[in-house]
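Colleague: structure of the sequence below:
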Amino acid sequence: MKLKYLLFGVALIGLTSFSNDTLDTKYTTASKRTNTVFQVSDGEKLIAKSDCIGCHKLDKKLIGPSYLDIAKKYPATDKNVAYLSGKIIKGGSGVWGTIPMSAHASLKKNDATSMAKYILSLKK
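Modeller: Modelled structure (predicted):
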């Protein structure tokens, strides 16, 4: 059963990696370059390096909920950060559907906390 979920996840990642976000050059216009510097949080860096992107996206549901949906559901409180960081490490199921989230037992508590804080900071 776990193998089916793993194969499904790999197939889904492979299919979602193809995007129609290419620009058609005859319809584009020149734009000004800006010197905008984006600061990336530790939590965002950790998520980018992890396997989270296989099941979650910023604004779209894949296998699991989007990060924005999580941020909408949970206010950014210390209690919710602790709860979500625990869920990241231990895994779980039932809150967002029947498909379980795999545990990340090798992840340090501080790293999971940084990831949870980043996700909850996305609430607009």
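
Colleague: going forward, measure contacts between C-alpha atoms and count neighbours the same way
Modeller: OK.

Colleague: just checking, what packs against the helix or strand containing Y118?
Modeller: Element membership for Y118 (DSSP states H and E) is helix 109-120. Judged by 3 or more C-alpha pairs under 8 Å, 6 or more residues apart in numbering; DSSP states H and E, helix 109-120 is in contact with helix 42-49, helix 67-73, helix 78-90.

Colleague: adding mean neighbour count, write those out as CSV.
Modeller: Shown next, in CSV, are the helices and strands packed on helix 109-120 (neighbours: other C-alpha atoms under 10 Å):
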stretch, mean neighbour count
helix 42-49, 15
helix 67-73, 18
helix 78-90, 17
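
Colleague: any chance of the ones you listed in JSON lines, with distance to K124 and mean pLDDT too?
Modeller: Shown next, in JSON lines, are the helices and strands packed on helix 109-120 (distance: least, C-alpha to C-alpha, whole Å; pLDDT from 0 to 100):
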{"stretch": "helix 42-49", "distance to K124": "17", "mean pLDDT": "92"}
{"stretch": "helix 67-73", "distance to K124": "8", "mean pLDDT": "95"}
{"stretch": "helix 78-90", "distance to K124": "17", "mean pLDDT": "96"}
